[in-house]
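Colleague: Quick one: sequence plus predicted model below, questions after.
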Amino acid sequence: MNYIKLHIKEDKKMKKIIITVFMAFIAMALGYGYSDAVTGQCSNCHTMHDSQDGNGDEGDAGAQTQLLKAGCVSCHTGPHGSGGDGRNDAYRAPVVLDTVDPSTTGGTATLAGGDFYWVDAGTDEQGHNVIDLPNISGQDSTIASTTPPGWDQGATTGKTVDSKTIQVTGGAGWAGAQLTCAGTFGCHGTRDLAGFGGMTGAHHGNAGTDDQASTATTVANSYRFLAGIKGLEHVNHNWSEAAATHNEYYGADDTSTERDNDATNTYTNSDTISFFCAECHGDFHTKIDNDNTFGNPWVRHPSDIVLPNSGEFDDYNSDDGDNTAGNYNLTVPVARGAVPASSSATVTPGATTATGAIVMCLSCHRAHGSEYNDLLRFDYTAVTIGAGTTVGCFVCHTDKN
């Protein structure tokens, strides 16, 4: 009898220990933000068997190799749901492909990257031509026979994330392929595996959508799953953005005298959002230097360069002549020289701090697509000298309007 009582007491004690450990785990998950990683029923995304008609799909580069029912677009398609946060109702996933014309970008129309709606509807110049999109069926012969604009195979060599290459195409050359969401010829994840393989484990390992990605040592802890890129993620991907609440992009003041990636040149910083763009568009990321015989004027607008605290630039988003910058402009954003812990409306020209101002590729362009040609963030045709407007280029070039 004593033996039985002893075991009953031990069982109760063990149950208390298990419950305590379980509650501690939950507390840790909430405290560290892991509850913000992908949530919901496993069957929303996964199947249990990677087979079709009794045959396995070994070697398939698609989402099925991760036991997923479908790829990125299936989850991230609109319309925007009832939650008021830029996500859809079906999967609670942030929408990057709207099913109706958003008519504009930003605010409560699209997320930070814009939208693939326009390019998927057939306007090639208004978005990245990702082959995963439903209305881009099969490779576009024109696109597949060329390399990305400004392509430089040697632009971003040498960097790895989690011991995996992030060099686009894995160093194999473009080889007539077309852009994908992720993987070897994609933007998200690493480039060692094709398609969704480059995203393996990232959604489950993500610490949440409100994350200071200041280390970027894995895909999961990198800014928006852009391997090796740093930044601060707005909890709702800039849906209902405001001057003080938005994504914060990481930039650097590249003071090198050359960086067109010949045998003698290197990038000063490979963790910035502009470096990420250079992974495909390396020749768009160069400065005028000794290897460029064109001289003045510059053949492209500089990026990863500090906005000066002098001349017309110290009136960023202000244009009142008081040599003081205005608030952060959501249409013409700047990067920061350090990844902040929280977003801010403060912009400090000349500084490379967490409230500083670094010109970046995304100061002018959307990442996914927009209603304007060249994925621009604003109507370039409305930027007219002498018209007195304060849009587009004039947010920085305040004396030229």
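Modeller: Yep, that arrived.

Colleague: which residues touch stretch 95-107?
Modeller: Surrounding stretch 95-107, the residues in contact under the criterion Cβ atoms under 8 Å, 6 or more residues apart in numbering are 73, 76-80, 86-88, 109-117, 120-121, 133-134, 238, 240-241, 330-331, 366, 368, 370-371, 377. No exception for glycine: its C-beta is placed from N, CA and C like everyone else's.

Colleague: Report the buried members of the residues you listed.
Modeller: The neighbour-count test (16 or more other Cβ atoms under 10 Å) marks 73, 76-78, 80, 86-88, 109-117, 120, 133, 238, 241, 330, 366, 368, 370-371, 377 as buried among these.

Colleague: List the ones among the residues you listed that fall in helices.
Modeller: 73, 117, 120 (DSSP state H).

Colleague: Nearest to residue 362 among the residues you listed?
Modeller: residue 117 (18.9 Å; Cβ to Cβ).

Colleague: In space, what's closest to the closest one - neighbours in sequence excluded?
Modeller: Nearest residue to residue 117, sequence neighbours excluded (Cβ to Cβ, 6 or more residues apart in numbering): residue 98, at 4.6 Å.

Colleague: Do you know the pLDDT at the one you found?
Modeller: The confidence metric pLDDT takes the value 97 at residue 98.

Colleague: Also residue 53?
Modeller: Each residue has a pLDDT score; the one for residue 53 is 65.

Colleague: Check the one 3 residues further on too.
Modeller: Note for residue 56: predicted pLDDT of 60.

Colleague: if we can go back for a sec, just give me the least confident of the ones in helices among the buried ones among the contacts of stretch 95-107.
Modeller: Lowest in pLDDT among those is residue 73, which has 92.

Colleague: any chance you could map the helices in this structure?
Modeller: Listed in chain order, the helices found in the chain under DSSP H are 2-32, 72-75, 117-120, 141-144, 202-205, 273-278.

Colleague: tell me, how many neighbours does the residue nearest to residue 117 end up with?
Modeller: Residue crowding around residue 98 was assessed by other Cβ atoms under 10 Å; the count is 21.

Colleague: what does residue 81 give?
Modeller: Residue 81 has 16 neighbours, counted by other Cβ under 10 Å.

Colleague: for it, what are its contacts?
Modeller: Contacts were defined as Cβ under 8 Å, 6+ apart; by that measure residue 81 touches 87, 88, 89, 90, 92.

Colleague: so which of the residues you listed would you say is closest to residue 383?
Modeller: Distances from residue 383 to the contacts of residue 81, taken as Cβ to Cβ, are shortest for residue 87 (33.3 Å).

Colleague: what's near enough to touch the closest one?
Modeller: Residues near residue 87 by Cβ under 8 Å, 6+ apart: 80, 81, 93, 94, 95, 236.

Colleague: Nice, that's everything, thank you.
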